[in-house]
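>>> Predicted model and sequence follow; I will ask about them next.
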Amino acid sequence: MQLKNMMIIDGTPVQIEGERNLVELCRKVGIALPTFCYHKELSVYGACRMCMVEDERGRLMAACSTIPKEGMNIRTNTLRLRRYRSLILELLLSNHCRDCTTCEKNGQCKLQDLARRFDMEEVRFPNIRGEKRERDTSSLSIERDPAKCILCGDCVRQCNEIQGVGAIDFAFRGSEAVISTAFGKPLAETSCVGCGQCAAVCPTGALIINDSTTPIWEEVDDPEVFVTCEIAPAVRSAIGSEFGMSDTVNAMGRIVTTLHRMGFDQVFDTSTGADLTVMEEANEFAERLEKNEKLPLFTSCCPAWIQLAEKRYPELLPNISTCRSPMSMFGAVIKEYYKNNLPEGKKRHYHVAIMPCTAKKFEAQRPEFKTEDGQATDGVLTTQELIRMIRESGLVFNELEPESVDMPFGTMSGAGVIFGVTGGVTEAVLRKIADDSSRTTLAALSYTGVRGLEGVKEAWLRHGDRDVHIAVVSGLANASRLIAEIKAGKKSFDLVEVMACPGGCISGAGQPYMPEKRVARSQTLYRADSLSVVKRSQDNPLMKELYEGLLKGREHELLHVDYVKKQAE
């Protein structure tokens, strides 16, 4: 007797509960079908054919594009399917650069993993297109290696569907097909904004993060260089699971210990820089509200969003906050502090930012942040690069005793910590401009609608004698859609927070790519906020000290930037 909403997978009855395709249903019952081109958040492409399954009549079907139906009876692991998948892998490897041991993705490559899973011991076919081809190293954020591309299309769909940038696409047809930029231009000369989400989903080494570990190791090892670093809030939420720790562990203390042991002289928390951003951005927002001009105010923390605005929406630049990002603010302050305070024996200061974001590599080198003594931030490491450095150093991360960040910049608020998740910037600013500073009001702010991992959120807040309308957006395609609605007069806002990566910095391309852990990562930051003694940026005693000392009369010079002026030039 056939049961309602049931189908058979490998002889076992399985309940259909709204799964969109057979891949999802198989994963629900513990069957990991091999895939290259399937991602839950992207459209179904069905190119790799690795997820093929077989029905009771012997017909093959792609599980990613097949909707589960009552009464279906499929098998996922037959001799025919195993041979079929092995042949696909063999053909892919015949068209692929095989320098696996020296590849940046070695050990994290999906093609390598599946070749191992299906016991590929030889490739019978000649390597027809895996010859060395010119790498594109023009971007400061990511690198392209066409010799390692398997044409799965993940990067194209991520760039077009999630980010709406369209910097890369398929070119030519048949055996000549490649992933390319428009007219084959270098990536740095295209509409690419450096968000790196294409590299995040790439299953091989065809798209990788621009590696900065070697030059930074050299600076750390130079006894005459005073090396400081700052750690972005989102990094602490992603690194622990890479070393066998819980997904929800706050690894900040161990990161500090690790960096000290690796040779960094001083270690700080970018949350302190975020407190500075809150102070400046909240004041700017309040001033614009009072004057009722240049609204909505768009946030300026995300460098990929800034690049998108410069390249696609230059008319919006006057509406973008003049505040630097927390990294660039904090870097300028740290550089200024140590300008005449280097420890004895040190002749030069080098500042490193450890970020979840690939676009920060571009931001650090922007001429807007160059001073007479060099860049405010000399080098940027992503979370993935830091993980590699930790492993290279031989430190057993999960066994280290946590340490606190160094003084004199060792205090920060919970408002600065939540910058790492979508809505965090907005909530931190609202904590600053809220009329009532009671704990009840602070708790209520978290329920205004700014929290949550949805791509677009709207919230209302009473401020003075007016209602403030707020939008929180993550994912650049969502930002473009919202901007279109604003331009068409369908929506009106006072404040718009934009983060390029879905879910905010916790999903930055510099983080280990695990979209299923976004909730856990966001909870880690909110938990850190809840345990903070200081909840609001203005209550951080360091802020008063900085504004009455190092920053006095120099706030605009060290904490602000003018993108409009650059565009005019």
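Cool, got the structure. Residues are numbered from 1 along each chain as shown.
>>> quick one: low-confidence parts of the stretch 101-250 of the chain?
The model of the stretch 101-250 of the chain has pLDDT under 70 over residues 128-132.
>>> ok, now the chain?
1-3, 128-132, 435-448, 565-569.
>>> Show me the residue at the heart of it, geometrically.
Nearest to the geometric centre of the chain sits residue 508, at 0.6 Å (Cα atoms, centre = their mean).
>>> From residue 294, how far off is that one?
Going from residue 508 to residue 294 by Cβ to Cβ, to the nearest Å gives 28 Å. Yep, even glycine has a C-beta here, placed from its N, CA and C like the rest.
>>> can you check residue 454 too?
On the measure of Cβ to Cβ, residue 454 and residue 294 end up 27 Å apart.
>>> Over to residue 246?
Per Cβ to Cβ, residue 246 is found 44 Å from residue 294.
>>> ok, those two, which is more surrounded?
residue 294 (14 against 11; other Cβ atoms under 10 Å).
>>> thought the more buried one was touching residue 284?
No. Using Cβ atoms under 8 Å, residue 294 is not in contact with residue 284; the gap is 9.5 Å.
>>> Tally up the residues packed near residue 367, please.
By other Cβ under 10 Å, neighbour count at residue 367 equals 7.
>>> give the contact list for it.
Under the criterion of Cβ atoms under 8 Å, 6 or more residues apart in numbering, residue 367 has no contact partners.
>>> Roughly how far does it sit from residue 562?
Distance, residue 367 to residue 562, by Cβ to Cβ: 12 Å.
>>> Could you do residue 389 as well?
Distance from residue 389 to residue 562, by Cβ to Cβ: 35 Å.
>>> which residues in the stretch 351-500 of the chain form strands?
Shown for the stretch 351-500 of the chain, the strands assigned by DSSP state E, counting those that start in this stretch span residues 370-371, 374-375, 379-382, 456-463, 466-474, 495-499.
>>> quick one: buried residues of the helix of greatest length in the chain?
In the chain, assigned by DSSP state H, the helix with the most residues is helix 270-291. Within helix 270-291, the residues scored as buried using 16 or more other Cβ atoms under 10 Å are 270-282, 284-285, 288-289.
>>> which secondary structure elements does it contact?
Here helix 270-291 touches strand 225-231, strand 297-298, helix 326-338, helix 414-417, helix 424-433, helix 541-548, helix 555-559, going by 3 or more Cβ pairs under 8 Å, 6 or more residues apart in numbering; DSSP states H and E.
>>> Single out the most deeply packed of these.
helix 414-417 (a mean of 30; mean count of other Cβ atoms under 10 Å).
>>> Can you show me the CA trace of it as PDB?
In PDB, the C-alpha atoms belonging to helix 414-417 read as follows (Å, rounded to 0.1, in the frame of the first residue of the first chain):
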ATOM      1  CA  GLY A 414      28.800  45.300  22.700                       C
ATOM      2  CA  ALA A 415      27.500  47.700  20.100                       C
ATOM      3  CA  GLY A 416      30.900  47.400  18.300                       C
ATOM      4  CA  VAL A 417      30.800  43.600  18.400                       C
END
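>>> neighbouring contacts of it?
233, 269-275, 278, 326, 424, 427-428, 431-432, 525, 528-532, 534-537, 540.
>>> Apply 7 Å and report the result again.
With contact meaning Cβ atoms under 7 Å, 6 or more residues apart in numbering, helix 414-417 is reached by 233, 271-272, 274-275, 278, 428, 431, 525, 528-529, 532, 534-537.
>>> Residue 389 and residue 562: which is more packed in?
The neighbour comparison of residue 389 against residue 562 (other Cβ under 10 Å) goes to residue 389, with 19 against 12.
>>> is it true that the more buried one touches residue 213?
Yes. Counting by Cβ atoms under 7 Å, residue 389 touches residue 213, with 5.6 Å between them.
>>> re earlier: of the contacts of helix 414-417, which is the nearest to residue 7?
residue 525 (40.2 Å; Cβ to Cβ).
>>> Could you tell me how far that closest one is located from residue 97?
39 Å.
>>> Those two: which is more packed in?
The neighbour comparison of residue 525 against residue 97 (other Cβ under 10 Å) goes to residue 525, with 25 against 21.
>>> Okay, residue 372 and residue 427: tell me how far apart.
37 Å.
>>> same question but for residue 258, I mixed them up
30 Å.
>>> for residue 352, same thing?
Here residue 352 is placed at a distance of 28 Å from residue 427 (Cβ to Cβ).
>>> Helix or strand: which one has the closest residue to residue 498 other than its chain neighbours?
Computed as Cβ to Cβ, 6 or more residues apart in numbering, the closest residue to residue 498 that is not its neighbour in sequence is residue 305, at 4.4 Å. Under the criterion of DSSP states H and E, residue 305 resides in helix 303-312.
>>> Could you do residue 7 as well?
Following DSSP H and E, one finds residue 7 within strand 6-9.
>>> what comes up buried for that strand?
Buried, per 16+ other Cβ under 10 Å, within strand 6-9: 7-9.
>>> Go through those and say which is closest to residue 501.
residue 9 (34.5 Å).
>>> Bridging across strands, which residues link to the closest one?
Per DSSP bridges, the residues bridged to residue 9 are residue 12, residue 74.
>>> For it, give me its contacts.
So residue 9 contacts 26, 29, 31, 74, 76 (Cβ under 7 Å, 6+ apart).
>>> Out of those, which sit inside strands?
residue 74 (DSSP state E).
>>> Narrow the contacts of residue 9 to those that are buried.
By 16+ other Cβ under 10 Å, the contacts of residue 9 give 26, 31, 74, 76 as buried.
>>> what's near enough to touch the first one?
Listed by Cβ under 7 Å, 6+ apart, the contact set of residue 26 reads 9, 33, 63, 76.
>>> Go ahead and confirm the last one touches residue 10.
Yes. Checked against Cβ under 7 Å, the pair residue 76 and residue 10 is within contact range at 5.8 Å.
>>> which element is residue 87 on?
helix 79-94.
>>> ok, and for that helix, which residues are buried?
81, 84-85, 88-90, 92-94.
>>> contact partners of that helix?
Helix 79-94 is contacted by residues 34, 49-50, 52, 54, 111, 114-115, 118, 120, 123-128, 150 when judged by Cβ under 7 Å, 6+ apart.
>>> at 6 Å what do you get?
Contacts of helix 79-94 with the rest of the structure, by Cβ atoms under 6 Å, 6 or more residues apart in numbering, involve 50, 54, 114-115, 118, 120, 123, 125, 127, 150.
>>> Mark which of the residues you listed are part of helices, please.
Those of the contacts of helix 79-94 lying in helices (DSSP H): 114-115.
>>> So what's the gap between stretch 375-393 and the chain middle?
Relative to its chain's centre, stretch 375-393 lies at 15 Å (Cα atoms, centre = their mean, to the nearest Å).
>>> got a list of contacts for that stretch?
By Cβ under 6 Å, 6+ apart, stretch 375-393 touches 209, 212-213, 216, 235, 238-239, 242, 258, 262, 328, 331-332, 335, 350-356, 360-361, 364, 369, 397, 510-511.
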